[in-house]
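Peer 1: Pasting the sequence and the predicted coordinates here, then a few questions.
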Amino acid sequence: MTRTLALLTLIVVLQACNIKPETIQPNIVPEPQSMVIDDDQAYTITEAPILAYDDDKAILTAEFLNEYLNSVGWKSQIAQNEEQPNISFELINGLEAEAYHFSVDDNGVHIQASTEKGFFYGVQTLLQLLPTDSHSANLPFMAIEDAPRFKWRGLHLDVSRHFFPVEFIKKYIDLMAFYKFNTFHWHLTDDQGWRIEIKQYPKLTEVGSQRKETMVEKNFNPYKGDAKPYGGFYTQEEIKEVVAYAEARQVTVVPEIEMPGHALAALAAYPELGCGPGPYEVGTIWGVYDDIFCPKEETFAFLENVLTEVMDLFPSKYIHVGGDEAPKTVWKKSAVAQRVIRREGLKDEFELQSYFIQRMEKFLNANGRQLIGWDEILEGGLAPGAAVMSWRGEAGGIEAAEAEHNVVMTPNGSMYFDYYQGNPETEPLAIGGMITLDKVYNYDPIPAELDEAHHKYILGAQANLWTEYIKTADHVEYMIYPRAVALSEVVWSQPEQRDWERFQQKLTKQYQLLDARDVNYHVSPPEGLSMGLTLENEVSLSLSSPYPNSSIYYTIDGSTPDENATKYTKPFTVKIDGAPVSVKAVTVLATGGKSPIATGIYQKAALKEAIQPLKADPGLQTTMHLGNFSSVSDLKGEGKTSVYEVIELPKPQPDQFGLVFQGMINVPTDGIYSFYTTSDDGSTLSVAGELVVNNDGLHGAQEASGQVALKAGYHNFEVKYFEAGGGESLLVAIAGPNMEKQAIPAEMLKH
């Protein structure tokens with residue numbers, strides 16, 4: 001019988017009955033491939049359901065479900081001889097490894113699969129249907145056929161910058177499994193801490209897991225430390241415990257051991273592995289360090305010994321070796337490194353890194369494993385069988401896929417969950433950037449530029465959580481959820497089954513489920529407020545929230561809103577007299593959760609007069625400054641000057657530099673203009689001598705904006721930018737009267 005015919009037959013059977021109980025509405029995330037529901041009939045699961053299975057492949061999953069139900073107050077039991085179980089696990093051959101069928105009829109709940117994985121995912125669907133406030137459920141008759149879109153559905157956690165205990169790691173994995181993620185990328189080593197016990201090298205944890213202090217927030221220059229020793233690591237027994245726990249939940253743990261860069265903690269323990277004389281110290285500052293592993297034979301022997309113990313602990317096919325952000329400064333000065341370059345006939349230090357990675361890949365391959373690394377492993381030539389995690393956008397992933405290498409898409413613009421998810425002024429401190437819930441949901445791991453023949457090399461996608469500014473388990477959850485809920489649908493569901501409006505409706509149930517699991521998730525503040533200039537005496541405001549059944553409360557006197565403030569029911573008008581008016585609003589969910597406070601400050605502005613230049617040539621006069629900067633205020637003195645037609649970064653570009661763009665901008669009409677800079681690292685934008693956008697400081701890619709009232713014509717214009725090393729980016733945009741937000745066009749820029 002075909003799937004379509006089977007579903008139609010079920011519908012006919014269901015429609016022949018007339019029972020209409022109160023039923024639970026399925027709000028399953030990720031959205032199944034196929035789901036047919038008949039609300040006119042339901043099957044009641046009481047507080048003591050009977051579970052049964054017909055094949056040994058379902059034993060572990062049945063036991064998992066039974067244990068879970070009893071842990072949350074149900075009184076389920078497994079009874080193999082029961083003729084009419086409430087929940088049955090039934091083997092059917094021919095399904096894909098992770099596929100399952102799920103149905104409800106008058107004989108109960110049926111979970112069908114060919115493998116243990118399939119049975120497990122069917123159970124996760126059942127758990128999303130059960131209520132959180134009672135121990136019985138009326139489930140509507142339904143038929144689900146489901147399987148994932150991608151093989152790699154991942155979440156990452158950095159435990160090197162901040163350490164998290166085993167119990168929290170288990171909770172992290174539990175939540176992953178609940179949303180059908182299957183790969184936990186465990187970032188175990190970095191400059192600021194070595195977190196895995198290696199018995200052959202005890203100093204890695206005795207020395208490398210401890211740093212003398214931690215930088216306070218973003219006090220890079222001048223540096224400020226907290227004077228508190230910080231450390232922690234996982235014993236091999238704890239690692240085994242976590243791996244077994246994850247395996248029971250169909251989650252593969254992929255360990256990451258960084259090389260050749262991000263190695264300072266290892267060098268502090270074993271300084272002979274560096275190219276310099278040492279001594280080295282476990283990093284206390286976030287960022288990239290010049291000191292990396294030296295490509296000497298002692299280093300390769302050390303890393304092979306480390307990876308041997310790692311492979312004994314982790315059965316995963318892939319072993320992650322990092323490969324990112326490895327400055328070549330030390331290698332350029334090292335006689336050892338230069339001898340290796342000459343000996344191997346390498347072109348430069350980039351090919352030396354490729355040689356380094358290829359040696360490690362050969363070792364892993366000889367032990368039946370595959371190497372995976374960040375997209376920097378493409379530089380100097382990709383190791384033959386390596387897989388790539390594309391984090392610096394999608395270009396590396398596209399290049400690797402076209403070369404027929406497996407790829408996991410994890411671009412920092414969509415998949416870095418350490419980025420802000422709301423207004424930085426109301427959110428906890430983050431590294432920078434902005435990735436909202438809808439941006440995650442609308443991401444597609446298959447790049448539009450990639451031809452169809454190479455789609456098969458995209459294994460899937462993964463979100464990364466780097467923890468420089470994330471110190472607690474509660475903060476980890478806040479940054480991950482609900483964005484991981486959105487990602488689960490991206491990597492599991494087919495594109496045609498994803499619908500943003502439907503997903504938002506389903507979130508109400510998901511928040512209840514997260515509440516029941518004691519998860520500290522993020523709630524978005526109301527939309528509709530901004531830092532707004534106006535030329536009028538009043539402004540009309542319309543607020544909205546993406547959460548069904550939520551309420552918005554607001555104030556217009558600058559006070560903090562709560563449930564006692566004015567409840568928003570329709571657009572309202574605020575009068576703008578002399579002083580700026582501060583409007584604040586908060587979202588309150590039906591579940592009781594509250595958002596950060598959204599703030600809009602509205603002020604009447606006067607148009608700035610245009611200037612009359614004697615001449616206006618195309619482009620901006622641009623000065624490049626070379627050096628290590630931490631603020632645009634450091635960009636002083638003479639530099640190399642040229643004319644840029646648009647605001648962009650030079651190609652090629654130095655590792656560390658600054659740019660000052662100076663000239664005029666020609667705006668077409670009187671009005672309020674918004675300017676934006678998105679930069680990694682700092683940037684500022686000034687118009688008519690006024691600082692409009694302040695995006696200064698050391699940070700990842702993040703956007704900042706500001707407004708100014710301008711008369712039509714020319715106005716003095718300046719943009720400053722610096723890059724301290726790492727991921728370089730700069731985008732400057734404008735929006736205004738009859739002008740959508742866009743990169744500033746060349747025709748508007750003069751000097």
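Peer 2: Arrived safely, thanks for sending.
Peer 1: I'd like the average pLDDT over stretch 243-256.
Peer 2: For stretch 243-256, mean pLDDT rounds to 98.
Peer 1: List the buried residues of that stretch.
Peer 2: By 16 or more other Cβ atoms under 10 Å, the buried positions in stretch 243-256 come out as 243, 245-246, 248-256. C-beta coordinates here come from the backbone N, C-alpha and C atoms, glycine included.
Peer 1: quick one: the strands in the stretch 101-250 of the chain?
Peer 2: Applying DSSP state E, counting those that start in this stretch to the stretch 101-250 of the chain gives strands spanning 108-113, 137-146, 152-158, 183-187, 189-190, 193-194, 210-211, 215-220, 223-225, 230-231.
Peer 1: Of all those strands, which one is nearest His751?
Peer 2: strand 215-220 (32.9 Å; Cβ to Cβ).
Peer 1: Now the residue in the chain sticking out farthest from the centre. Its backbone dihedrals?
Peer 2: Among the C-alpha atoms of the chain, the one most distant from their mean position (Cα atoms, centre = their mean) is that of Leu614, at 50.0 Å. Backbone torsions of Leu614, given as degrees, to the nearest 10, read phi -70, psi -30.
Peer 1: for Trp74, same thing?
Peer 2: phi -80, psi 170.
Peer 1: Excluding residues flanking it in the chain, which one is nearest it?
Peer 2: Leaving out its chain neighbours, the residue that sits closest to Trp74 by Cβ to Cβ, 6 or more residues apart in numbering is His135, at 5.1 Å.
Peer 1: Was I right to think that neighbour contacts Thr44?
Peer 2: No - with contact defined as Cβ atoms under 8 Å, His135 does not count as touching Thr44 (11.7 Å).
Peer 1: So between the two, which is more surrounded?
Peer 2: The residue with more neighbours, out of His135 and Thr44, is His135; 17 against 13, by other Cβ atoms under 10 Å.
Peer 1: Can you pull out the low-pLDDT segments for the stretch 451-600 of the chain?
Peer 2: In the predicted model of the stretch 451-600 of the chain, no residue satisfies pLDDT under 70.
Peer 1: And the helices in it?
Peer 2: Per DSSP state H, counting those that start in this stretch, the stretch 451-600 of the chain carries helices over the ranges 473-480, 483-492, 500-516.
Peer 1: what's the helix or strand Ile37 falls within packed up against?
Peer 2: Under the criterion of DSSP states H and E, Ile37 resides in strand 34-45. Packing partners of strand 34-45 (3 or more Cβ pairs under 8 Å, 6 or more residues apart in numbering; DSSP states H and E): helix 3-15, strand 100-105, strand 108-113, strand 137-146.
Peer 1: how is this structure carved up into domains?
Peer 2: Each domain of the chain is listed here as a residue range: 3-146, 531-604, 620-750, per automatic domain parsing.
Peer 1: distance between the ends of the last one?
Peer 2: The first and last residues of domain 620-750 sit 6 Å apart, counting by Cα to Cα, to the nearest Å.
Peer 1: how distant is that domain from the center of its chain?
Peer 2: 27 Å (Cα atoms, centre = their mean, to the nearest Å).
Peer 1: And for the first one?
Peer 2: Using Cα atoms, centre = their mean, we find the averaged C-alpha position of domain 3-146 to lie 32 Å away from the chain's own average C-alpha position.
Peer 1: Give the rounded mean pLDDT of it.
Peer 2: 87.
Peer 1: So which of the strands of the stretch 101-250 of the chain is nearest Pro295?
Peer 2: strand 189-190 (18.0 Å).
Peer 1: what's that closest one packed up against?
Peer 2: Looks like strand 189-190 contacts strand 252-259, helix 264-269 (3+ Cβ pairs under 8 Å, 6+ apart).
Peer 1: Turn these into CSV, columns for distance to Ala147.
Peer 2: Compiled in CSV, those are given as follows (distance: least, Cβ to Cβ, whole Å):
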stretch, distance to Ala147
strand 252-259, 18
helix 264-269, 42
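Peer 1: Can you give me the buried ones in the helix or strand containing Val340?
Peer 2: Taking DSSP H and E as the definition, Val340 sits inside helix 335-343. For helix 335-343, a neighbour-count test (16+ other Cβ under 10 Å) marks 336-337, 340-341 as buried.
Peer 1: what's the following helix or strand after that helix?
Peer 2: Helix 335-343 is succeeded, C-terminally, by helix 349-366 (DSSP H and E).
Peer 1: Where does the prediction get shaky in the stretch 651-751 of the chain?
Peer 2: Judged by pLDDT under 70, the stretches of the stretch 651-751 of the chain that qualify are 726-727.
Peer 1: for it, what spans make up the strands?
Peer 2: Shown for the stretch 651-751 of the chain, the strands assigned by DSSP E, counting those that start in this stretch span residues 657-667, 671-680, 683-687, 690-695, 702-710, 713-723, 729-736, 739-743, 749-750.
Peer 1: Need the winner for burial among those.
Peer 2: strand 683-687 (a mean of 25; mean count of other Cβ atoms under 10 Å).
Peer 1: Which strands border it, and is each parallel or antiparallel?
Peer 2: strand 690-695 (antiparallel), strand 713-723 (antiparallel) (DSSP bridges).
Peer 1: Show me the contact partners of that strand.
Peer 2: 608, 632, 665, 673, 675, 677, 691-696, 704, 706, 708, 710, 715-722, 730, 732 (Cβ atoms under 8 Å, 6 or more residues apart in numbering).
Peer 1: Could you do stretch 437-445 as well?
Peer 2: Contacts for stretch 437-445 (Cβ under 8 Å, 6+ apart): 150, 409, 414-415, 421, 458, 460-461, 463, 482-483, 486-487, 489-491, 495, 498, 500, 503, 524, 546.
Peer 1: Of the helices of the stretch 451-600 of the chain, flag the one that's most buried.
Peer 2: By mean count of other Cβ under 10 Å, these have helix 483-492 as the most buried, with a mean of 25.
Peer 1: Just want the angle from that one to helix 500-516.
Peer 2: 130 degrees (axes from the mean of the first three to the mean of the last three Cα atoms, to 10 degrees).
Peer 1: counting contacts, what elements does helix 483-492 pack onto?
Peer 2: Using 3+ Cβ pairs under 8 Å, 6+ apart, helix 483-492 sits against strand 152-158, helix 437-441, strand 458-463, helix 500-516.
Peer 1: Between these, which one is closest to Leu65.
Peer 2: Leu65 sits nearest to helix 500-516 of all the helices and strands packed on helix 483-492, at 15.8 Å, using Cβ to Cβ.
Peer 1: now that closest one and helix 473-480, what's the angle there?
Peer 2: Using the same axes, to 10 degrees: helix 500-516 against helix 473-480 is 170 degrees.
Peer 1: circling back to that earlier point, right, so of the helices and strands packed on helix 483-492, which gets closest to Ser76?
Peer 2: Closest to Ser76 of those is helix 500-516 (Cβ to Cβ; 17.0 Å).
Peer 1: what helices or strands is that closest one leaning on?
Peer 2: Helix 500-516 packs on helix 437-441, helix 483-492, going by 3+ Cβ pairs under 8 Å, 6+ apart.
Peer 1: check contacts around Thr205.
Peer 2: Thr205 neighbours (Cβ under 8 Å, 6+ apart): 194, 196-198, 233.
Peer 1: what does Thr214 give?
Peer 2: 192, 225-226, 228, 230, 284.
Peer 1: Columns distance to Trp74 and mean neighbour count on top of the strands of the stretch 101-250 of the chain, output as JSON lines?
Peer 2: Formatted as JSON lines, the strands of the stretch 101-250 of the chain follow (distance: least, Cβ to Cβ, whole Å; neighbours: other Cβ atoms under 10 Å):
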{"stretch": "strand 108-113", "distance to Trp74": "13", "mean neighbour count": "23"}
{"stretch": "strand 137-146", "distance to Trp74": "10", "mean neighbour count": "21"}
{"stretch": "strand 152-158", "distance to Trp74": "28", "mean neighbour count": "26"}
{"stretch": "strand 183-187", "distance to Trp74": "28", "mean neighbour count": "25"}
{"stretch": "strand 189-190", "distance to Trp74": "42", "mean neighbour count": "29"}
{"stretch": "strand 193-194", "distance to Trp74": "41", "mean neighbour count": "30"}
{"stretch": "strand 210-211", "distance to Trp74": "45", "mean neighbour count": "21"}
{"stretch": "strand 215-220", "distance to Trp74": "45", "mean neighbour count": "15"}
{"stretch": "strand 223-225", "distance to Trp74": "50", "mean neighbour count": "12"}
{"stretch": "strand 230-231", "distance to Trp74": "41", "mean neighbour count": "18"}
